[in-house]
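1. Sequence and predicted model, in that order:
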Amino acid sequence: MPSARDHTERVYKIAHQSSLAASSPVAASWRRCMTLHGLAPEEARLPWRLSESELLGARERSGVLIAEAAGELDRLFAIVGKAGCCLLLTDEKGVALERRGAGGDDADFRGVGLWSGTIWSEASVGTNGIGTAIADERAVVIQRDQHFLSRNIGLSCATAPIRDEVGRLAAAIDISTCRDDASEAIVSILSQAVRDAAARIEANLFRRAFAGARIVLVPVDRAGPALLAVDRDDLVLGATRAARLCLGLDDKRIAAGVPASDLLQEDSPREGAELPDAERAALRRVLSRTNGNVSMAADLLGISRATLYRKMKRLSLN
């Protein structure tokens, strides 16, 4: 690990080269920190911290996020907590809302500001996992001397953004460690774990937002959960960001009404057969609920048994 002075000189050298900023996300972040946020790598600064009342307000505004993320934070910490890792869940501004950490590591993490109520935006502490993931809206790994501030070069961070039910950036989840033996391979494993946790939290938020809808998994190979919320008439009510990117969806198209079967390119019904097919499906569902009892099915449908028999014969239902 380079000395603080060597790191400071390197940051200044690289951040002033616009060509490097164009090709390297870390260099681009360093340049933002200097030109946009007015930071200097040699500053001995801790992250900004909210007051107790401000933190309470931030937690109240993010109550749904905290509720849906709690289980994933607990599961993830059970895996990585004994390895000297700290977990943070932040809002879209980088405010640490929830934290998981082992008591034996608290002094180290509190010393660098990895604590509830701190703000890990780039404007607050320069290039770091949380702030850069939020700024770039993508999962990132910021390892040791990739941090902007020289005082943070002992940290390794893996962070993934979390999006809400309409695909907007809503939060971030981060694993950080101060261990000197955190190799690139280990941090890569932590990065995959945090991305998986973020995807599950995102799916939890989506299912909660569309609790009364049918949730359909879109079969795509894309980061993040690709989910559709579909109503009883097969019209799409909502879509996660991954599903929107894959299927070319936006708020306007969803509001206009689009059948899920069209988006998923399922077999189109024969000309003139859509209504009979829908009626057949409805009758099959009711008959399934009554275990094939025609009299009970007719009562549920509010029609006579003779009428139901005629419909079943017309639709070739035995």
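-> Cool, got the structure.
2. For the helix or strand harbouring residue 286, name the packing helices and strands.
-> Taking DSSP states H and E as the definition, residue 286 sits inside helix 274-289. For helix 274-289, the packing partners by 3 or more C-beta pairs under 8 Å, 6 or more residues apart in numbering; DSSP states H and E come out as helix 294-301, helix 305-314. Quick note: C-beta positions are derived from backbone N, CA and C, even for glycine.
3. quick one: buried residues of that helix?
-> 280, 283, 286-287 (16 or more other C-beta atoms under 10 Å).
4. quick revisit: which stretch in the helices and strands packed on helix 274-289 has the least confidence?
-> Per-stretch mean pLDDT for the helices and strands packed on helix 274-289 is lowest at helix 305-314 (a mean of 83).
5. Buried residues, it. List them.
-> 308, 311-312.
6. Would you mind giving the orientation angle of that helix with respect to helix 294-301?
-> 100 degrees (axes from the mean of the first three to the mean of the last three C-alpha atoms, to 10 degrees).
7. now helix 305-314, how far from the centre of its chain.
-> 49 Å (C-alpha atoms, centre = their mean, to the nearest Å).
8. then that helix to CSV, C-alphas only?
-> Extracted C-alpha coordinates of helix 305-314, given in CSV (Å, rounded to 0.1, in the frame of the first residue of the first chain):
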residue,chain,number,x,y,z
ARG,A,305,-75.6,-26.4,-14.6
ALA,A,306,-77.1,-26.9,-18.1
THR,A,307,-75.6,-23.7,-19.3
LEU,A,308,-72.2,-24.7,-18.0
TYR,A,309,-72.5,-28.0,-19.7
ARG,A,310,-73.3,-26.3,-23.0
LYS,A,311,-70.3,-24.0,-22.6
MET,A,312,-68.0,-26.9,-21.8
LYS,A,313,-69.2,-28.8,-24.9
ARG,A,314,-68.8,-25.8,-27.1
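9. Report all helices and strands that it contacts.
-> By 3+ C-beta pairs under 8 Å, 6+ apart, helix 305-314 packs against helix 274-289, helix 294-301.
10. now the helices and strands packed on helix 274-289 as JSON lines including distance to residue 94?
-> What follows is the helices and strands packed on helix 274-289, written out as JSON lines (distance: least, C-beta to C-beta, whole Å):
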{"stretch": "helix 294-301", "distance to residue 94": "53"}
{"stretch": "helix 305-314", "distance to residue 94": "60"}
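11. can you tell which of the ones you listed is closest to residue 103?
-> helix 294-301 (58.4 Å; C-beta to C-beta).
12. For that closest one, buried residues please.
-> Applying 16+ other C-beta under 10 Å to helix 294-301 flags 297-298 as buried.
13. which helices and strands sit right next to it?
-> Helix 294-301 packs on helix 274-289, helix 305-314, going by 3+ C-beta pairs under 8 Å, 6+ apart.
14. can you list those helices in a markdown table and add distance to residue 180?
-> Shown next, in a markdown table, are the helices and strands packed on helix 294-301 (distance: least, C-beta to C-beta, whole Å):
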| stretch | distance to residue 180 |
| --- | --- |
| helix 274-289 | 61 |
| helix 305-314 | 73 |
